[in-house]
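Peer 1: Just a sequence and a predicted model for now, questions to come.
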Amino acid sequence: MTRPRIFVTRRIPEKGLEMVQSLAPDYEIEVWQDPLPPAYEVLLQKIRGVTGLYCLLTDKIDANLMDAGGPQVKVISQMAVGFDNIDIPAATARGIPVGNTPGVLTDTTADFAWALLMSAARRIVEGDKFTRAGKWQTWGPIDFLGPDISGATLGIIGFGRIGQGVAKRAQGFDMRVLYYDTQRYPEAEQKYGAQSVDLNTLLHESDFVTLHTVLSKETYHLMDDARLKLMKRSGILINTARGPIVDPAALYRALANGTIAYAALDVTEPEPIKPDDPLLTLDNIIIAPHIASASFQTRNKMATMAAANLIAGLKGERLPNCVNPQVYK
């Protein structure tokens, strides 16, 4: 008798992998071993006959792929908070619950947003490159000057868990905190001293603008030429959300022309960024390879949460963290 199959689209942290492998020998388990994600055409082949899919945000999971999997697909479990790579309505229409890993990376991502903010403000990456190049000859009174963080105005676009985590950390720097979101958070406003404002006001008044909104039709290229021009010329933009929230061509123009002073990104469009992208020619930008959640504790927790979703789905139980709970109605 053929065993039901599970396909894991990448090597994952050990604790999560152990949970998945505990399903053997009842299930045939295949883990994609290449460090790069499987191409879409490969996924189309691998998903055929699969009962459970454990995927990452680098995998495109659309209706065509689900249909290629067949009617026996019981669960799609993603090791990520975001799920814009998955066609959720298509999954719901096919009765497939989709799992994600919310909440687990709030503090880790907020910490990293602050790491980028401080590195950009104090030009740490530039200074490191300068030192490694053997250019450091003496202490310079006007070298690598940047803005103060303490007492500055921080603008947060998207005031969910991570945005509020960033605001919490801003209290230690006596910052004025503004936020823009489609909804109000009165309790968080009081707790973190944050003020809800419209987007134009936030961009005009903030010294630092940090992005923590979801990617949607409304937020695609939210930061375009017009909105970047609303920022202060001394302004610094941080993005740890999703790359396409920022128009990369507009960002290049803004940085090259001095419309804004600096940017620090953990995500890009496209991702990974191409080696010949003009943004890489600029000194006033930091680009990290999507590592905001890359702590040992957080990645292990994400892996085990995704494994728990997978196992629940295979057993026909409700997923602990389900993106489309309407499938259970």
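Peer 2: On my side now, so go ahead.

Peer 1: what are the phi and psi values for Leu279?
Peer 2: When quoted as degrees, to the nearest 10, the phi and psi of Leu279 stand at phi -60, psi -30.

Peer 1: got the contact list for it?
Peer 2: Applying C-beta atoms under 8 Å, 6 or more residues apart in numbering to Leu279 gives the contacts Pro248, Leu251, Tyr252, Leu255, Thr268, Ile273, Ile285, Ile287. All C-beta atoms are positioned from the backbone trio N, CA, C, and that covers glycine.

Peer 1: same deal with Phe173?
Peer 2: Ile149, Ser150, Gly151, Ala152.

Peer 1: Can you tell me how far the nearest residue to Cys55 once chain neighbours are set aside is from Gly160?
Peer 2: Nearest residue to Cys55, sequence neighbours excluded (C-beta to C-beta, 6 or more residues apart in numbering): Thr9, at 4.7 Å. Taking C-beta to C-beta, to the nearest Å as the measure, Thr9 falls 26 Å from Gly160.

Peer 1: Next: Thr259.
Peer 2: Distance from Thr259 to Gly160, by C-beta to C-beta: 28 Å.

Peer 1: ok, now Thr219?
Peer 2: 13 Å.

Peer 1: my guess is Asp277 contacts Pro248, does it?
Peer 2: Yes: here Asp277 reaches Pro248: they are 7.1 Å apart, a contact under C-beta atoms under 8 Å.

Peer 1: Residues in contact with both of the two, list them for me.
Peer 2: Thr268.

Peer 1: For Gly70, the count of nearby residues, please.
Peer 2: Using other C-beta atoms under 10 Å, Gly70 has 12 neighbouring residues.

Peer 1: before we move on, back to that, give me the neighbour count for the residue nearest to Cys55.
Peer 2: With other C-beta under 10 Å as criterion, Thr9 counts 23.

Peer 1: same deal with Pro270?
Peer 2: Counted with other C-beta under 10 Å, Pro270 comes out at 10.

Peer 1: Identify the residues contacting it.
Peer 2: Gly243.

Peer 1: gap between it and Pro244?
Peer 2: Using C-beta to C-beta, one gets 9 Å for the distance from Pro270 to Pro244.

Peer 1: Show me where the stretch 1-150 of the chain has its helices.
Peer 2: 14-21, 40-46, 63-69, 88-93, 106-121, 124-132 (DSSP state H, counting those that start in this stretch).

Peer 1: Tell me which of those helices sits nearest to Leu199.
Peer 2: Smallest distance to Leu199 across the helices of the stretch 1-150 of the chain (C-beta to C-beta): 18.6 Å, for helix 106-121.

Peer 1: From the chain's centroid, how far away is the closest one?
Peer 2: 13 Å (C-alpha atoms, centre = their mean, to the nearest Å).

Peer 1: Please apply the same query to stretch 112-130.
Peer 2: 19 Å.

Peer 1: pLDDT on that stretch, on average?
Peer 2: For stretch 112-130, mean pLDDT rounds to 98.

Peer 1: now do stretch 95-109
Peer 2: 96.

Peer 1: Spatially nearest residue to Ala288 (excluding sequence neighbours)?
Peer 2: Asp266 (4.7 Å).

Peer 1: what number of residues lie near the one you found?
Peer 2: By other C-beta under 10 Å, neighbour count at Asp266 equals 26.

Peer 1: and the gap between the nearest residue to Thr58 once chain neighbours are set aside and Lys46?
Peer 2: Take Thr58 and drop its neighbours on the chain: the residue closest to it by C-beta to C-beta, 6+ apart is Pro37, 4.2 Å away. From Pro37 over to Lys46 the distance is 11 Å, taken as C-beta to C-beta.

Peer 1: From Leu211, how far off is the residue nearest to the spatial centre of the chain?
Peer 2: Nearest to the mean C-alpha position of the chain, counting by C-alpha atoms, centre = their mean, stands Ala241 at 4.2 Å. The gap separating Ala241 from Leu211 is 5 Å, by C-beta to C-beta.

Peer 1: Name the residues contacting each of the two.
Peer 2: With C-beta under 8 Å, 6+ apart as the test, Ala241 and Leu211 both reach Gly158.

Peer 1: buried residues in stretch 47-66?
Peer 2: Using 16 or more other C-beta atoms under 10 Å as the burial criterion, the residues of stretch 47-66 that qualify are 47, 50-57, 59, 61, 65-66.

Peer 1: And stretch 205-220, by the same measure?
Peer 2: Glu205, Ser206, Asp207, Phe208, Val209, Thr210, Leu211, His212, Thr213, Leu215, Thr219.

Peer 1: Can you add pLDDT, secondary structure and distance to Leu237 and give those back as CSV?
Peer 2: Formatted as CSV, these follow (pLDDT from 0 to 100; DSSP: H, G, I helix; E, B strand; the rest coil; distance: C-beta to C-beta, whole Å):
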residue, pLDDT, secondary structure, distance to Leu237
Glu205, 98, helix, 14
Ser206, 99, coil, 10
Asp207, 99, coil, 11
Phe208, 99, strand, 8
Val209, 99, strand, 5
Thr210, 99, strand, 8
Leu211, 98, strand, 8
His212, 98, coil, 13
Thr213, 97, coil, 13
Leu215, 92, coil, 16
Thr219, 98, coil, 14
